[in-house]
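Asker: Fold the following.
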Amino acid sequence: MSLVKLTIKGISYSQTQNGAYALILNEVDGERKLPIVIGAFEAQSIAIALEKDITPPRPLTHDLFKNFANRFDIVVKQVIIHKLVDGVFYSSIICERDKIEEIIDARTSDAIALALRFKAPIFTYKNILDKAGIFLKTPTSKKSISKEEETVIENLLLGEDKESVKPAGEDYSKLSLSELNKMLDEAVKNENYEKAARVRDEISKRQ
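Answerer: Residues are numbered from 1 along each chain as shown. As a prediction, this is how the structure comes out:
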């Protein structure tokens, strides 16, 4: 089976169902997207890894794993989303230590959070992308989610039962840049990285 390389386009959250998130992966040499429903903590961890301007004052779980791996000379070489069963994606983390390769089973969200921190490539098999990929010809920036995609992702998320988290629909559009920057600093200080990522997105829109 042939492997297809994927990149991360962004994270979408449901406006109608709190706690439902979807990670959007792009086919590198194509236009299909692979949406994967993930939990709030994993969404936060991935968002922080994508957003270089947010640095947690203390290491998150995935940061701790990377620090541990670095200490013992373990390198994550790649992540492969290798199976899809009943809507659940299964992944493997390909690691190497002392030139010996090991394969570790992992949840896809955890595997991708680690791949980002190790700058490791992400792959899936063509048959999985054929089965679960969505084809949307919408010209958007690399990390933005288009309106068309939002509709598709929203429908996907509505079918998921996730634990409730703090409401995601806060409106930052009426705040000034200075107010947003102050809010960003406070969110990072309080380790509310989910809010920090959203505030940072609003700041980015205006720059």
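Asker: Name the next helix or strand downstream of the worst-scoring helix or strand of the chain on mean pLDDT, please.
Answerer: For the chain, the helix or strand with the lowest mean confidence is helix 147-158, at a mean of 54 (criterion: mean pLDDT, DSSP states H and E). Proceeding N to C from helix 147-158, the next assigned helix or strand is helix 177-189, under DSSP states H and E.
Asker: Name the residues of that following helix that come out as buried.
Answerer: 180, 183-184, 187-188 (16 or more other Cβ atoms under 10 Å). Where C-beta positions appear, they are placed from N, C-alpha and C, glycine not excepted.
Asker: With respect to K77, which of those is nearest?
Answerer: Nearest to K77 among these: V188, at 31.2 Å, using Cβ to Cβ.
Asker: Give me the buried positions along stretch 117-124.
Answerer: 117-118, 120-124.
Asker: Oh, that last question was meant for stretch 86-95, not what I typed.
Answerer: 89-95.
Asker: For that stretch, what is the distance to the chain centroid?
Answerer: Centre-to-centre, stretch 86-95 and its host chain are 14 Å apart (Cα atoms, centre = their mean, to the nearest Å).
Asker: Same question for stretch 92-101.
Answerer: Distance, stretch centre to chain centre, for stretch 92-101: 23 Å (Cα atoms, centre = their mean).
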